[in-house]
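Participant: only geometry, no sequence info:
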């Protein structure tokens, strides 16, 4: 729960992150609170300190005022910071450890908790947890064994997709081709996911904000599939799917995330992935959804507050 005696919201994100800018502006306009923006790339060119004594603890970063007066933190994916090359790997490790420790030690409500965020970004964790939460999961193999990959692709009755990318963000997905199988030895260095292709009635993108789901139905773009997806009307999810979402996000320890689901031709809701720091500005705009307001309410009022508004 947020510390309601505190008066600031901290948003940790790259300076050009438009989601961070919009949420900070909403916090100021809707709630009249200070929204501190912190771009980690400014460190270590900016000085920082942490002090603990009999009076308690104190944190400081140059040009940032109010780190010890923060009620909640929105932790966004960032490009990180780099120490001068002459500092080497040890300096980089010390710099990373200091900045992360300085921020992660703030006794505030986190969206999302950095540890949970990191764990939940792993595809294997997502698939295991989503299956236990009641979602249908396309049959999947994740491996760096070329023989296992060949066997899996050859055994499937239909098309198979290949997914790369696992450490946060959306996976790069495409249909697995004969050329992929011809170059399958390359996966020895890069474990890759192979997954049954699910023929779709439609895809859904769901923005989850502390128990409130904002779902939008998507269809492929036109022009031979080269155009971006078209986002249609907001979608109401069946109660059973909402229950699975609640179970999944609770088990992952997330209060925010952007999920991809697919409704198969069989009517089943298939889980594809969740991005704990996903983008949603385009959804809020095209589908006219108050997602920024929901997230600002969560940051200001704390856990459990969004559903009551």
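Facilitator: Alright, I've got the coordinates. These figures come from a predicted structure and were not determined experimentally.
Participant: centre of the chain to the lengthiest helix in the chain, how far?
Facilitator: Counting residues, the longest helix found in the chain (DSSP state H) is helix 88-104. When C-alpha coordinates are averaged (C-alpha atoms, centre = their mean, to the nearest Å), helix 88-104 and its chain have centres 22 Å apart.
Participant: also stretch 202-212?
Facilitator: 12 Å.
Participant: got it, and stretch 191-201?
Facilitator: 20 Å.
Participant: for stretch 115-134, same thing?
Facilitator: So, by C-alpha atoms, centre = their mean, the centroid of stretch 115-134 is 12 Å from its chain's centroid.
Participant: just to revisit the earlier point, packing partners for the very next helix or strand once past the longest helix of the chain?
Facilitator: As assigned by DSSP states H and E, the chain's next helix or strand after helix 88-104 is strand 109-111. Other helices and strands packing on strand 109-111, by 3 or more C-beta pairs under 8 Å, 6 or more residues apart in numbering; DSSP states H and E, are strand 70-75, helix 291-301. (C-beta placed from N, C-alpha, C; glycine too.)
Participant: quick check: next helix or strand after strand 109-111?
Facilitator: Per DSSP H and E, the helix or strand that comes after strand 109-111 is helix 114-120.
Participant: run through who's touching whichever helix or strand comes after that following helix.
Facilitator: Following helix 114-120 in sequence order, the next helix or strand is helix 123-132 (DSSP H and E). Residues outside helix 123-132 that contact it (C-beta atoms under 8 Å, 6 or more residues apart in numbering) are 119-120, 137, 140, 142, 163, 166, 171, 193, 244, 247-248, 251-252, 271, 273-274.
Participant: which residue of the protein sits farthest from its center?
Facilitator: residue 54 (38.2 Å; C-alpha atoms, centre = their mean).
Participant: could you list the domains of this structure?
Facilitator: 8-111, 118-135+199-308, 140-196 (automatic domain parsing).
Participant: ranges for the strands of the stretch 201-309 of the chain?
Facilitator: 212-219, 230-235, 256-264, 269-275 (DSSP state E, counting those that start in this stretch).
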